[in-house]
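Q: Curious how this folds, go ahead:
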Amino acid sequence: MSYVYLKTQSFTGSNLSQNTIPLNVTAASVSVSKTIPAFPIPLSGVATGESVTTAFDLGMASKSLNLSGFIQDATITKTFKGGVTKTFEFTAQEIAQMIASGVDSTGFAQKQAFSEIVLLIPSNVDSNYLQRSTLGTLIPLTFASRGGSNEFDNEGVPLRLSAFPDSSTDTGLTGFIRSFSFNLEAESIDVSFSLDFEIATVIP
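A: Have a look, this model is predicted:
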């Protein structure tokens, strides 16, 4: 699974070769945990012979992504103030250090911090429930649903938060890296890593 990219805060446009770090991912685990307050109703079992619990679905859930794999030597392009562009071949160890430094920084350090991860998956059905002309089109993994507001899977959703992607350059999962670890091993060219990414709206 090579179609995974980390985007820095300074990423703009749709060019995945700038201000991104490619990752060679061997396993990806997606986790969604819903939070629903539940309250047992007092005396409900007295009249009915069956106790009742009431739950309130307040639309709260936590979502995360765990990745593991290998970092390899790669060409990385970064843009800086004044339109300056720097492109270099980095070693796997340098890239691992760069990611660790970005996790250690804050959102104010836009050239370091990571705010989005793109994990491309194959898709046959587009955002409007039409068969794609190219089967297996790569799109970013998303928690969005197909259709506009109050349409298709979004019936009953008047103000959808995000759109279902139709292109590999569409927005991926936004949030922050909760943890990142890597191993430096003797006589190894690649660097093995594990990364936990939490989906969230990050301020700043």
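
Q: Longest helix of the protein, counting residues only.
A: Determined from DSSP state H, the single longest helix within the chain is helix 92-104.

Q: List the buried residues in that one.
A: Burial within helix 92-104, assessed by neighbour count using 16 or more other C-beta atoms under 10 Å, is assigned to Ala92, Gln93, Glu94, Ile95, Ala96, Met98, Ile99, Gly102, Val103. All C-beta atoms are positioned from the backbone trio N, CA, C, and that covers glycine.

Q: who touches the first one in this structure?
A: Residues near Ala92 by C-beta atoms under 8 Å, 6 or more residues apart in numbering: Phe70, Ile71, Gln72, Asp73, Ala74, Ile189, Asp190, Val191.

Q: Pick out the most distant pair among these.
A: Ala74 and Ile189 (12.2 Å; C-beta to C-beta).

Q: Look at those two and report which has more neighbours.
A: Residue environment comparison for Ala74 versus Ile189 gives the larger neighbour count to Ala74, 16 against 11, counting by other C-beta atoms under 10 Å.

Q: Against Ala144, how distant is that one?
A: The span separating Ala74 from Ala144 equals 29 Å under the rule C-beta to C-beta, to the nearest Å.

Q: Ok, Val25 next?
A: As it turns out, when the distance is counted by C-beta to C-beta, Val25 lies 21 Å from Ala144.

Q: Could you pull up the residues touching the nearest residue in space to Leu135 that is not next to it in sequence?
A: In space, not counting the residues next to it along the chain, Leu135 is nearest to Asn124; the distance is 5.0 Å by C-beta to C-beta, 6 or more residues apart in numbering. By C-beta under 8 Å, 6+ apart, the residues touching Asn124 are Gln131, Arg132, Leu135, Gly136, Thr137.

Q: What's the ChimeraX line that selects buried ones from those residues?
A: Restricted to the buried members of the contacts of Asn124, where burial is judged by 16+ other C-beta under 10 Å, the ChimeraX selection command reads as follows:
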select :137
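
Q: possible to save the contacts of Asn124 as TSV with pLDDT and secondary structure?
A: As requested, those are arranged in TSV below (pLDDT from 0 to 100; DSSP: H, G, I helix; E, B strand; the rest coil):
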residue	pLDDT	secondary structure
Gln131	98	strand
Arg132	97	coil
Leu135	95	coil
Gly136	94	coil
Thr137	97	strand
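
Q: closest to Glu185 among the contacts of Asn124?
A: For those, the residue nearest Glu185 by C-beta to C-beta is Gly136; the value is 35.2 Å.

Q: pretty sure that closest one contacts Leu120?
A: No - distance between Gly136 and Leu120: 10.7 Å, which falls outside the contact criterion (C-beta atoms under 8 Å).

Q: thinking again about what came up before, nearest to Pro37, of the buried residues of helix 92-104?
A: Within the buried residues of helix 92-104, distances to Pro37 taken as C-beta to C-beta reach their minimum at Val103, with 32.6 Å.
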